[in-house]
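K.L.:
build the 3D model from these lines:
(one chain, ligands or ions: 2)
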Amino acid sequence: MKRLPWVIKYRPKRVDEVINQDKAKQILIPWIETWAKGKKPSKRAALLYGPPGVGKTSLIEAIAKEYGFELLELNASDYRRDTDIRRIVGSAATKKPLFGKGILILLDEIDGIAPKEDAGGLKALLEIIGYTENPIVMTANDPWKDQLRPLRDVVLLVEFRQLSTTHILKLLERICNTEKLYCEKEALKYIAERSMGDVRAAINDLEAIAEGYRKVTLSLAKALVKGRDKSIDLWRTLNSIYYAKYAWQAKKAVTNSEEDYETLLAWLNDNTHKKYKDPEDLYRAYEALARASLFLNRAKFQGHWSLLSYVFDLMGPGVAFARVKGGISRERYSYPEKIKMMAQLRQVREVREGLASKIADRVQASRAVVKNEVLPYLYVIFRNSRDPATPARIALGYRLTREEVKLLAGPRADEVLKAAERIRRARGVDVEVKEEKPKGLDAFLSKRSGRRTRRRT
Ligand SMILES: Nc1ncnc2c1ncn2[C@@H]1O[C@H](COP(=O)(O)OP(=O)(O)OP(=O)(O)O)[C@@H](O)[C@H]1O
Ligand SMILES: [Mg+2]
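P.N.:
Ligands and ions are numbered 1, 2, ... in the order given. I've put the predicted structure just below:
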């Protein structure tokens, strides 16, 4: 017999085997019961959303089975183009089933639809939702993507939350027992924690270790279980903070995150004002973030690592429970300005280092000396000398690149570059402010002598 992967073997077969998703069931079950009675609920499609591996697809499959629906399951690749949607989904939407109560149409991973290329597909889908005679269920990890906005308004939104470590642990223990596998409890706990609420990941990790070693110990688990995907991790962390019910959830989100604390802080700084709308909520949240930043710096630069505990409290519960009055907006998370700026700063730093070593070569001094004793004067000359020809001559003499001139001259860069161009033309020689890095003195000399010979002829 072919061996099934455990995620399939242990897939929930009945609705009550889908654990930890009671809220989602409370919304979905009455909706599907209405369909099962031959009536039509006001919203004819549902959108199940939440992080990966928490039972979205499993629950729908279990529901179909238990309520007697034929299941038509499609993946994003099946319904990309609008012609496919009209042909497959459109015809299923009005079809009477051969057996059972109806056809349950499952469009899995709808957030895989691209905003521009597949816009026609989404439009077709909206039309079909308008007239369908059969229930349509869609799943997505991130339903707040812009392109899904029109869809959000016409569907029943059902949130799936990541599973608690305890629930995952129980599931793993059950599998270990059924498989008659030697498993250390600490190892299972480790796997469950690292899965960050993703049951599929936890089961896969367990199976991988079991298959390789026929036993699951803590040291094996530690050696084999890898970190999870970063963007999903970040999305999950932010969600767990903003939507935390309990303080410990928010704190755990921070301590469990794969991201370093500074990056996380930058994300919270740039997204909290979008999520919270009430001014007092915002005031409290930013107060907490400001303190978190203070403590984080003290921990890092003065070595007071015990302060980290406050950092976690302030970034997690501090932000989560700053929201007292106002609601929470559904806006998408955006990339923090600070991180973008850091990347730009890194570029500036690189240009400066390049410039320093170029000058260091020429003046026979160390780079440190150049940075401390030469560059400051160059900044003053490039930015303040009355005649831009002065810095321009220096730029030509040192064969500076455009980037280097921009760094030194700042707002006057254009002026200096133009002056350099004028001088270059007036001299009629090949000294120029170069686009790329100059090739060094030797290349410079040989090129010059080459020209001279040509000119003489
Ligand atoms: N709530 C749950 N209860 C029991 N088992 C679960 C649960 N969630 C996930 N699993 C296990 O994890 C596997 C993957 O779950 P499922 O395919 O339903 O996740 P999903 O939420 O649809 O994820 P994705 O967003 O990646 O499609 C299932 O086969 C099942 O073994
Ligand atoms: Mg799924």
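
K.L.:
give the contact list for residue 379.
P.N.:
residue 408 (Cβ atoms under 8 Å, 6 or more residues apart in numbering). To be clear about C-beta, it is placed using only N, CA and C from the backbone, and glycine gets the same treatment.

K.L.:
which residues in this structure form strands?
P.N.:
Secondary structure of the chain, counting by DSSP state E: strands at 45-49, 69-75, 102-108, 136-140, 155-159, 182-183, 215-216.

K.L.:
any idea which of these scores lowest on pLDDT?
P.N.:
For the strands of the chain, mean pLDDT drops lowest on strand 69-75, to a mean of 88.

K.L.:
distance of the residue of the stretch 51-200 of the chain found nearest ligand 2 relative to ligand 1?
P.N.:
Ranked by Cβ to the ion, the top residue of the stretch 51-200 of the chain for proximity to ligand 2 is residue 57, at 3.2 Å. In this view, residue 57 and ligand 1 are 3 Å apart by Cβ to the nearest ligand atom, to the nearest Å.

K.L.:
wait, that residue touches residue 140, no?
P.N.:
No. Residue 57 is not in contact with residue 140 according to Cβ atoms under 8 Å; the separation is 11.5 Å.

K.L.:
who has more neighbours out of those two?
P.N.:
Comparing residue 57 with residue 140 by other Cβ atoms under 10 Å, the one with more neighbours is residue 140, at 23 against 18.

K.L.:
now that one: closest residue in space, sequence neighbours ignored.
P.N.:
residue 111 (4.0 Å; Cβ to Cβ, 6 or more residues apart in numbering).

K.L.:
so which bits of the chain are right by ligand 1?
P.N.:
7, 10-12, 18-21, 52-58, 139, 141, 163, 199-200, 203 (Cβ under 6 Å from any ligand atom).

K.L.:
let's see which of the residues you listed end up in helices.
P.N.:
Among the residues of the chain next to ligand 1, DSSP state H puts 7, 56-58, 199-200, 203 in helices.

K.L.:
specify which member of those residues is nearest to residue 249.
P.N.:
Relative to residue 249, the closest of these is residue 199; by Cβ to Cβ it sits at 17.6 Å.

K.L.:
spit out the contact partners of that closest one.
P.N.:
Counting by Cβ under 8 Å, 6+ apart, residue 199 touches 53-55, 163, 168, 171.

K.L.:
report pLDDT for the nearest residue to it once chain neighbours are set aside.
P.N.:
Leaving aside its sequence neighbours, residue 199 sits nearest to residue 53 (Cβ to Cβ, 6+ apart; 5.0 Å). Looking at residue 53, its pLDDT stands at 89.

K.L.:
same check on residue 443?
P.N.:
For residue 443, the model assigns a pLDDT of 38.

K.L.:
next: residue 247.
P.N.:
87.

K.L.:
now it: how far from ligand 2?
P.N.:
To ligand 2, residue 247 is 31 Å away according to Cβ to the ion, to the nearest Å.

K.L.:
tell me the contacts of the nearest residue to that residue once chain neighbours are set aside?
P.N.:
Nearest non-adjacent residue to residue 247, counting by Cβ to Cβ, 6+ apart: residue 317, 4.0 Å away. The contact partners of residue 317, taken as Cβ under 8 Å, 6+ apart, are 244, 247, 250-251.

K.L.:
over to residue 85?
P.N.:
79, 121, 124-125, 128.

K.L.:
could you report the pLDDT at it?
P.N.:
85.

K.L.:
mind listing the helices for the stretch 201-350 of the chain?
P.N.:
Here the stretch 201-350 of the chain has its helices, by DSSP state H, counting those that start in this stretch, at 218-224, 230-242, 247-256, 261-275, 279-302, 308-315, 317-320, 337-363.

K.L.:
what does the first one contact?
P.N.:
Helix 218-224 is touched from outside by 184, 186-188, 190-191, 205, 208-209, 212-213, with contacts defined as Cβ under 8 Å, 6+ apart.

K.L.:
which one of these is nearest to ligand 1?
P.N.:
Ligand 1 has its nearest neighbour among the contacts of helix 218-224 in residue 205, at 11.8 Å by Cβ to the nearest ligand atom.

K.L.:
isn't the closest one right up against residue 212?
P.N.:
No. Using Cβ under 8 Å, residue 205 is not in contact with residue 212, being 11.3 Å away.

K.L.:
so between those two, which is more surrounded?
P.N.:
Per other Cβ under 10 Å, whichever of residue 205 and residue 212 has more neighbours is residue 205, with 24 against 11.

K.L.:
any low-confidence regions in this protein?
P.N.:
Residue ranges of the chain with pLDDT under 70: 1-3, 77, 79-80, 114-117, 226-233, 343, 429-457.

K.L.:
measure residue 312 to residue 257 for me?
P.N.:
10 Å (Cβ to Cβ, to the nearest Å).

K.L.:
show me which of the two is the more surrounded one.
P.N.:
Neighbour count, other Cβ under 10 Å: between residue 312 and residue 257, residue 257 has more, with 23 against 20.

K.L.:
skipping adjacent residues, who's closest to the more buried one in space?
P.N.:
residue 237 (4.3 Å).

K.L.:
so what's the residue count around that neighbour?
P.N.:
A count of nearby residues for residue 237, using other Cβ under 10 Å, gives 25.

K.L.:
so it sits against residue 252, correct?
P.N.:
No. With contact defined as Cβ under 8 Å, residue 237 does not reach residue 252; the gap is 9.7 Å.

K.L.:
phi, psi of residue 99?
P.N.:
Main-chain torsions, residue 99, degrees, to the nearest 10: phi -120, psi 160.

K.L.:
how about it: what's its closest non-neighbour residue?
P.N.:
residue 70 (6.7 Å).

K.L.:
wait, the one you found touches residue 106, no?
P.N.:
No. Residue 70 is beyond contact range of residue 106, at 10.9 Å (criterion: Cβ under 8 Å).

K.L.:
the two: which has the busier surroundings?
P.N.:
Neighbours around residue 70 and residue 106, counted as other Cβ under 10 Å, are more numerous at residue 106. The numbers are 23 against 17.

K.L.:
ok, now which ones touch the more buried one?
P.N.:
Per Cβ under 8 Å, 6+ apart, neighbours of residue 106: 57, 60-61, 64, 71-74, 137-139.
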